[in-house]
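> coordinates only, sequence not included:
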């Protein structure tokens, strides 16, 4: 499922070394496998020159050039929509000061962040020593790469589903089937599984501003008990095991957090949201939603969204 070209991976990072290493490490069974490889490659195989190459591929925060790539436009949309003339002018001046000090542009995962928040982060990070700031920028770049990888995988899923739909409409074409999140070909008529998306999905709605909550890190975990009917979150009774992670897109939706399977194992699941980065002055540094999938529900779909404001949150089971 996760077979992509060097060009696709370079679009995610701007680094040729990263793109080559990702192609060599692939194909990937799912998004989470790609993220694990991407982190290893970015922090342990791509050198400083590769990081700088990646930084240089980004437009400056606040740039209004029409030549900005689509993904960058989406990632900076919240910032541009919240920029007043005075804040924008302040940003231009601080961008210049930052580049003069560090030798590269200010890198931040801007998705879902307003311009005042970004400007605050720029001023705060300006006081860093260059070696520290280089590491901080590399970590922010990794967040951007993860966000773009989720979009890359989502486009693959949508493309695959479109192929399946077309194959059903034209039985004479080569059939394809999606099994457990993997794409396989066969000479028979298409067999469509019980699901066309992972059994657990989520999205975030910023109810304070009436818009999708984009750029929020999301993690899906399952509780692995060490004894029957254990209490949750008590050491010695079990552990939470990560199934997948993603970053919400411009519609507030996360990428795939697990493979597409017909039946989900019963048990306790937890969706964790890094809400502190989205609402830095809010009450919740993170939000965890725990829910149970019962034996009788293993074929059902669980869409568990987060409705978020700086000082409250709620959820429900959607469709």
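Done, it's in. From a predicted model like this one, the values you see are computed outputs, not experimental measurements.
> pLDDT weak spots in the stretch 151-300 of the chain?
155-196, 225-238 (pLDDT under 70).
> mind listing the strands for it?
For the stretch 151-300 of the chain, strands defined by DSSP state E, counting those that start in this stretch occupy the ranges 175-179, 182-186, 200-201, 204-206, 211-212, 217-225, 238-247, 267-273, 287-293.
> got CSV for those strands, with mean neighbour count too?
Heads up, the C-betas are built off the backbone N, CA and C, glycines and all. Below are these laid out as CSV (neighbours: other C-beta atoms under 10 Å):
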stretch, mean neighbour count
strand 175-179, 18
strand 182-186, 13
strand 200-201, 22
strand 204-206, 21
strand 211-212, 17
strand 217-225, 19
strand 238-247, 18
strand 267-273, 20
strand 287-293, 15
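> Of all the ones you listed, which one comes closest to residue 14?
strand 238-247 (17.4 Å; C-beta to C-beta).
> For the residue most central in space within the chain, list each beta-bridge partner.
In the chain, the residue lying closest to the centroid (C-alpha atoms, centre = their mean) is residue 247, at 2.4 Å. Assessed by DSSP bridges, residue 247 has beta-bridge partners residue 217.
> just residue 200 next, same as before
Counting by DSSP bridges, residue 200 is bridged to residue 302.
> Pull up the gap between it and residue 250, please.
Per C-beta to C-beta, to the nearest Å, residue 200 is found 21 Å from residue 250.
> same question, residue 205
13 Å.
> Determine the residues that are contacts of both of the two.
residue 212 (C-beta atoms under 8 Å, 6 or more residues apart in numbering).
> The closest residue to residue 279 other than its chain neighbours: what's it in contact with?
For residue 279, ignoring the flanking residues on the chain, the nearest one in space by C-beta to C-beta, 6 or more residues apart in numbering is residue 310 at 4.6 Å. Residues counted as contacts of residue 310 (C-beta under 8 Å, 6+ apart) are 208, 279, 281-283.
> ok so, going back, make a markdown table out of the strands of the stretch 151-300 of the chain and add distance to residue 141.
A markdown table is the format used below for the strands of the stretch 151-300 of the chain (distance: least, C-beta to C-beta, whole Å):
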| stretch | distance to residue 141 |
| --- | --- |
| strand 175-179 | 32 |
| strand 182-186 | 29 |
| strand 200-201 | 27 |
| strand 204-206 | 23 |
| strand 211-212 | 23 |
| strand 217-225 | 15 |
| strand 238-247 | 13 |
| strand 267-273 | 22 |
| strand 287-293 | 25 |
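> sorry, back to before: which of the contacts of residue 310 has the largest number of neighbours?
When neighbours are counted by other C-beta atoms under 10 Å, residue 279 leads those with 20 neighbours.
> Please verify my assumption that that one contacts residue 308.
Yes. With contact defined as C-beta atoms under 8 Å, residue 279 counts as touching residue 308 (7.4 Å).
> Mind checking what secondary structure residue 131 has?
Following DSSP: H, G, I helix; E, B strand; the rest coil, we place residue 131 in the helix state.
> That one and residue 137: what is the separation?
11 Å.
> Among these two, which residue is more densely surrounded?
residue 137 (22 against 7).
> Could you find the closest non-adjacent residue to that one?
In space, residue 137 is closest to residue 107, 4.2 Å off (C-beta to C-beta, 6+ apart).
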